[in-house]
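K.L.:
Sequence first, predicted coordinates after that:
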Amino acid sequence: AVDQATARPRADERVQYEGYGPGGAALIVDCLTEDRNRTVADIRHTFARYGGNLGAGGSVRYLFNVVGLMNFPPGTDVERLIQVALHAGAEDVVPSDDGSVEVLADPTEFEAVRAVITAGGFTPTTADVTQRAATSTRLSGDAGEQMVRLIEALENLDDVQSVYSNVEISDEVLARV
C-alpha cells in the first residue's frame, strides 16, 4: 500500500487485540497491519462468528506473561538438561507427561540462555519469546470445538502473526475437530 500524500509505502504497524472466546477463555491476537480499521473489523467479526467477544486493551493481558520458551523432545536427558539450563540462567525446567521438556527463561536473557543450552549439547525443537498464560481454562464439548475453530479462523487472517490462549482443550474434542 502507498500513502497517497507522500507516495511512499506505508509501514506495517504492530497491534495487539484481546478478547474472550467460548467458555470465557482468554485470547491475545498479535497482528502486523497497514490498516488498523480493516484488521480490527476482521478480528471483531471472527470473534463474533465463533462465539467470542473482542475486549478492551488490558482486558486479558494481565492473564499472560512474556517468557522465553524452549521445547525439547521426549527422550531428552532431563537431569542433565536441568543442570545445563539452570547454569545458563533459565528460570524453570518443566518436564511434561509426554516426556517432552520446556525450559523457561527471562525474555531479556533468552538468547544468552539458549546459546549456553545449545553449547551444552541440547537443541530445542522450538525456541521463541512468547506469551504464556498464568492460569488456564479447560474446555470440552461444544465450547471446546468452537474455541478450536475460533483460534484456527484467527490464525488464518492475513494480518494475524500469533494467537495466544489460556485454553486447555480436552483430547476428545481435539479428536473430533
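P.N.:
Okay, I see it.
K.L.:
Am I right that residue 164 is in a helix?
P.N.:
No: Residue 164 is assigned strand when assessed by DSSP: H, G, I helix; E, B strand; the rest coil, not a helix.
K.L.:
so what's the nearest residue in space to it that is not next to it in sequence bridging to?
P.N.:
Closest residue to residue 164 apart from its sequence neighbours, by CB to CB, 6 or more residues apart in numbering: residue 131 at 3.9 Å. Just so you know, the C-beta spots here come from the backbone N, C-alpha and C atoms, and that holds for glycine as well. Residue 131 forms beta bridges with residue 66, as assigned by DSSP bridges.
K.L.:
what's near enough to touch residue 131?
P.N.:
28, 64, 65, 66, 67, 162, 164 (CB atoms under 8 Å, 6 or more residues apart in numbering).
K.L.:
run the last query once more with 6 Å
P.N.:
Residues near residue 131 by CB atoms under 6 Å, 6 or more residues apart in numbering: 28, 64, 164.
K.L.:
pretty sure the last one contacts residue 26?
P.N.:
By that I understand residue 164. No: under the contact definition of CB atoms under 6 Å, residue 164 does not touch residue 26, with a separation of 8.5 Å.
K.L.:
Quick check: end-to-end length of stretch 24-41?
P.N.:
End-to-end span of stretch 24-41 (CA to CA, to the nearest Å): 21 Å.
K.L.:
Tell me how far it lies from the chain's centre.
P.N.:
Computed by CA atoms, centre = their mean, to the nearest Å, the chain-centroid distance of stretch 24-41 equals 14 Å.
K.L.:
taking the mean pLDDT, what do you get for that stretch?
P.N.:
For stretch 24-41, the mean per-residue pLDDT is 95.
K.L.:
So what touches that stretch?
P.N.:
The contact list for stretch 24-41, computed with CB under 6 Å, 6+ apart, reads 1, 10, 12-19, 21, 43, 60, 63, 131, 137, 147, 154, 159-167.
K.L.:
Could you tell me which of these are located in helices?
P.N.:
43, 147, 154 (DSSP state H).
K.L.:
got the contact list for residue 127?
P.N.:
Residue 127 is in contact with 70, 114, counting by CB under 6 Å, 6+ apart.
K.L.:
Mind checking the pLDDT average for stretch 170-177?
P.N.:
78.
K.L.:
buried set for it?
P.N.:
Buried residues in stretch 170-177, counted by 16 or more other CB atoms under 10 Å: residue 173.
K.L.:
Equivalent analysis for stretch 152-171, please.
P.N.:
So for stretch 152-171, counting by 16+ other CB under 10 Å, buried means 153, 154, 157, 159, 160, 163, 164, 165, 166, 167, 169.
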